[in-house]
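*Asks:* Build the 3D model from these lines:
(one chain, ligands or ions: 1)
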Amino acid sequence: MLRETYNNVDIVIIGAGISGMCAAIEYLKTHENAKLMIFEKGAGFGGTWRDNIYPGCCCDVFSNLYSFSFEQNPDWTRLYPTQDEILTYLTSVAHKHRLYKYARFNTTVDEARWNEEERIWEIHVVVNGGKDAEYGGEYTVTSNFLISGVGQLNIPKYPHITGLNSFKGKTMHSARWDWNYPLAGKKVAIIGTGATAAQIVPKVAKVASQLTVLQRTPAWVIPRHDAVIPDWRKLLIRHVQPARQWFRAESMKVRESFHEAVTQANSTKANEMRVISLSHLRKQLPDRPDLWEKFTPKYSAGCKRSVLSDDYYPTFLQDNVILETRPIERITETGILVLGEESETRFDLIIFATGFDTFDYMQPLQVFGRKGKSLSEIWNGLPRAYKGVTVEGIPNFGMLYGPNSNLTHNSLILVIEAQSRYINKLANAVLDSKARGKPLLLTPKPEVVQSYNSNLQTVLNKTSFADPNCNSWWKNSEGVITNNWPGTAVEYQNLLADIFWDDYDVEEGNGRESSVLHRRGIAQAEKVNQQTRLGNSCSLCIHTNLILKILGYLLYSVR
Ligand code: NA7
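*Replies:* Numbers count the residues shown, from 1 in each chain. Below is the predicted model:
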């Protein structure tokens, strides 16, 4: 005897981060008696914001944009949210939408296999939680649709440095921070100078006796201008809905305007960004021309993730902080030896702020599609998806934050919402058909995936991401950009607003083409609207807009 909803469900979502949560909420909108399961290898909701708890961890997107459009948060305390605030927000959203009911934590999906005969997914999981594992250490669940929400920044990347494992002191990766280790008075090295390191460095420098920052490539650093949001402004945002909407739309405009700067190396905006960054450097380190050269990037702004920081550069004015730009030769039992030195520098702790494995999407999880072909075989080292969400040869499957859907200039939540709506439309078609007693298979046509991706690569090759003078977690060793979307957030939302059924191989239970979907032609996945709805066409609107503009000015400028 099997318990009905324990092993068979309509939808399985892998991952309980922002992506998995968003997909679940979207599905629950239209399914009251949902047969949904969310598997998460960690112990709660939050994904990357649960994993990354290092000192100083925060987001470099405005807080009001780093929230779901359907759950805007009037309680943000700062213009840029901190990790703990984001986690609190996500936890409250999970509670509000009753997601806990569907989640199985401490449970790792290790294999998802499409069963061609039964036309269902078989998802094998391993239970990591002590007591839960006593009920059964591993088991299989079947579902009609599978959604991956595992994200791109999931697996910590450790550098390949000779002797790394011989170090006898303490090591930690930024995404696996050990708060039990006291930093006070310690000699600390940090490897990496990306967005993560720029947040850790100022905090660790305050307590460590010595901090050495090992930089391989400098980042473009621009001012952050973070600030506390005063209570009166929070009240206004909580109670005056148009003000909240307008403020978000204005933030959206600001972030979208960065797009040109980070994608078009020769544009006016890119030049402005370089000027702002270089003047920031000189202003913050006025008497240190020795550091200007070391901190000046030799690649296009936007080729790597830019850093937004007000306190990174000034940290190097502290006596206990050293910038080391000579390459690391090896790690020894007691420290790090850099090129040109005869002996190592001794450290108590080495922090790896070296990013994530971003090219092996979904690894180590094994996904097998039609005819038992694995995702790795289909991709053959080059992850690609149709519109970043569906994959050839893998039916009834959707990826959130999949290949080429990363934004570098705006909030990723905008992307994830659009993807959730698109994928849920596909899932609904599959589940509606199931309700009529006919299993339905939706797989993107290989030629459609191929043509979409070759056009995408043509566009990407002309962006700053492709600049050969830098490497990044977006570009593989052959220079192929596998992670980024080249357009604006709004362009991506528009791309996903419609589903063209012709883009899919559509098979019903009997193997024939489904007439149901073909008659529909296009389905609207509904656009996520970020813009102000108020136009300028009537005098009332003009006045309302004017009032909101004044309000917006106050919101931005009065602290
Ligand atoms: P990133 O942006 O991938 O940065 C990793 C950093 O680690 C970067 O400075 C690397 O230098 C450095 N790195 C990696 N391997 C080595 C070795 N072997 N030796 C020296 N230095 C090394 O990761 P983050 O965690 O900072 O940010 C990831 C994203 O999280 C970020 O884009 C935001 O979206 C949030 P390199 O530049 O490769 O020379």
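*Asks:* What residues does Leu375 make contact with?
*Replies:* 361-362, 366-369, 391, 394 (Cβ atoms under 8 Å, 6 or more residues apart in numbering). The C-beta positions use only the backbone N, C-alpha and C, and glycine is treated the same way.
*Asks:* Can you say which of those residues are buried?
*Replies:* Neighbour counting with 16 or more other Cβ atoms under 10 Å marks 361-362, 367-369, 391, 394 as buried within these.
*Asks:* quick one: which two of the contacts of Leu375 are the most distant?
*Replies:* Using Cβ to Cβ, the contacts of Leu375 reach their maximum pairwise distance at Tyr361 and Phe368, which is 15.0 Å.
*Asks:* returning to what we had before: could you single out the nearest of the contacts of Leu375 to Lys462?
*Replies:* Nearest to Lys462 out of the contacts of Leu375 is Tyr361 (Cβ to Cβ; 24.1 Å).
*Asks:* Go ahead and confirm the closest one touches Pro383.
*Replies:* Yes. Using Cβ atoms under 8 Å, Tyr361 makes contact with Pro383 at a distance of 4.8 Å.
*Asks:* Which neighbours do the two have in common?
*Replies:* Residues touching both Tyr361 and Pro383 by Cβ under 8 Å, 6+ apart: 402-403.
*Asks:* Can you name the residues that contact the closest residue to the ligand within the stretch 301-450 of the chain?
*Replies:* Closest contact between the stretch 301-450 of the chain and the ligand, by Cβ to the nearest ligand atom, is at Gly355 (2.5 Å). Applying Cβ under 8 Å, 6+ apart to Gly355 gives the contacts 153, 157, 192, 194, 196, 473.
*Asks:* mind checking how far it is from Val430?
*Replies:* 36 Å (Cβ to Cβ, to the nearest Å).
*Asks:* So which of the contacts of Gly355 wins on neighbours?
*Replies:* Using other Cβ atoms under 10 Å as the neighbour criterion, Thr196 leads those with 26 neighbours.
*Asks:* Could you confirm whether the helix or strand containing that residue reaches the ligand?
*Replies:* Using DSSP states H and E, Thr196 sits in helix 195-207. Yes. Judged by Cβ under 6 Å from any ligand atom, helix 195-207 and the ligand are in contact via 195-197.
*Asks:* Which of those residues sits closest to Leu87?
*Replies:* Taking Cβ to Cβ as the measure, Leu87 lies nearest Thr196 of the residues of helix 195-207 next to the ligand, at 16.5 Å.
*Asks:* Can you tell me which residues in the stretch 301-450 of the chain are near the ligand?
*Replies:* Residues of the stretch 301-450 of the chain lying near the ligand by Cβ under 6 Å from any ligand atom: 305, 328, 353-355.
*Asks:* One more pass at 5 Å, please.
*Replies:* Residues of the stretch 301-450 of the chain lying close to the ligand by Cβ under 5 Å from any ligand atom are 305, 354-355.
*Asks:* quick one, phi psi at the residue nearest to Trp177 when sequence neighbours are not counted?
*Replies:* Distances taken as Cβ to Cβ, 6 or more residues apart in numbering put Tyr54 closest to Trp177, at 4.3 Å, once the chain neighbours are dropped. Phi and psi for Tyr54, reported as degrees, to the nearest 10, are phi -60, psi 160.
*Asks:* likewise Lys187?
*Replies:* phi -90, psi 120.
*Asks:* That one: what's it in contact with?
*Replies:* Per Cβ under 8 Å, 6+ apart, neighbours of Lys187: 208-210, 346-349.
*Asks:* Most neighbours out of those, which is it?
*Replies:* Phe347 (25 neighbours).
*Asks:* I'd guessed that residue sits against Thr212; true?
*Replies:* Yes. In this structure Phe347 lies within contact range of Thr212 using Cβ under 8 Å: 7.3 Å.
*Asks:* Quick check: neighbours shared by the two?
*Replies:* Residues touching both Phe347 and Thr212 by Cβ under 8 Å, 6+ apart: 188-189, 336.
*Asks:* how about those residues in CSV, adding distance to Trp501 and secondary structure?
*Replies:* Conversion of these to CSV gives the following (distance: Cβ to Cβ, whole Å; DSSP: H, G, I helix; E, B strand; the rest coil):
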residue, distance to Trp501, secondary structure
Val188, 56, strand
Ala189, 55, strand
Ile336, 57, strand
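*Asks:* So which of the contacts of Lys187 belong to strands?
*Replies:* If you go by DSSP state E, the contacts of Lys187 have 210, 346, 349 in strands.
*Asks:* out of those residues, who's nearest Lys283?
*Replies:* Set against Lys283, the nearest of those by Cβ to Cβ is Gln210 (26.2 Å).
*Asks:* I'd guessed the closest one sits against Ile322; true?
*Replies:* Yes. Assessed by Cβ under 8 Å, Gln210 is found in contact with Ile322 at 7.3 Å.
*Asks:* the strands in the stretch 251-400 of the chain, which residues?
*Replies:* For the stretch 251-400 of the chain, applying DSSP state E, counting those that start in this stretch gives strands covering 307-308, 321-324, 328-331, 335-338, 345-346, 349-352, 366-368, 397-399.
*Asks:* Note down every partner strand of the last one and its orientation.
*Replies:* Read it as strand 397-399. Strand 397-399 sits in its sheet next to strand 138-148 (parallel), going by DSSP bridges.
*Asks:* Next, the buried residues of the helix holding Thr196.
*Replies:* Buried residues in helix 195-207, counted by 16+ other Cβ under 10 Å: 195-205.
*Asks:* Who are the contact partners of the residue in the stretch 401-550 of the chain that the ligand sits nearest to?
*Replies:* At 4.2 Å from the ligand, Trp473 is the closest residue in the stretch 401-550 of the chain, using Cβ to the nearest ligand atom. Counting by Cβ under 8 Å, 6+ apart, Trp473 touches 305, 355-356, 358, 483.
*Asks:* what do you get for Lys186?
*Replies:* The contact partners of Lys186, by Cβ under 8 Å, 6+ apart, come to 208-209, 348-349.
*Asks:* Provide a list of residues in contact with the closest residue to it other than its chain neighbours.
*Replies:* What sits nearest to Lys186 in space, not counting adjacent residues and going by Cβ to Cβ, 6+ apart, is Asp348, at 4.2 Å. Going by Cβ under 8 Å, 6+ apart, Asp348 touches 169-170, 186-188.
*Asks:* Trp440 contacts Ala429, doesn't it?
*Replies:* Rather than Trp, residue 440 is Leu. Yes. Counting by Cβ under 8 Å, Leu440 sits close enough to Ala429 to count as a contact (6.3 Å).
*Asks:* Give me the pLDDT value at Gly129.
*Replies:* Gly129 carries a pLDDT score of 84 in this model.
*Asks:* Spatially nearest residue to it, not counting backbone neighbours?
*Replies:* Once chain neighbours are set aside, the closest to Gly129 by Cβ to Cβ, 6+ apart is Asn106, at 3.2 Å.
*Asks:* how close does the one you found get to Glu118?
*Replies:* 28 Å.
*Asks:* Those two: which is more packed in?
*Replies:* Each of Asn106 and Glu118 has its neighbours counted (other Cβ under 10 Å); Asn106 has more, 18 against 10.
*Asks:* And the nearest residue to Leu440 once chain neighbours are set aside, which helix or strand is it part of?
*Replies:* Spatial nearest neighbour of Leu440, excluding adjacent residues (Cβ to Cβ, 6+ apart): Ser433 at 3.6 Å. Using DSSP H and E, Ser433 maps to helix 412-435.
*Asks:* For the closest residue to Gly393 other than its chain neighbours, grab phi and psi.
*Replies:* Distances taken as Cβ to Cβ, 6+ apart put Gly369 closest to Gly393, at 4.4 Å, once the chain neighbours are dropped. Per-residue torsions, Gly369: phi -100, psi -140 (degrees, to the nearest 10).
*Asks:* Hmm, Gly369 is touching Ala112, no?
*Replies:* No. Using Cβ under 8 Å, Gly369 makes no contact with Ala112, being 9.3 Å away.
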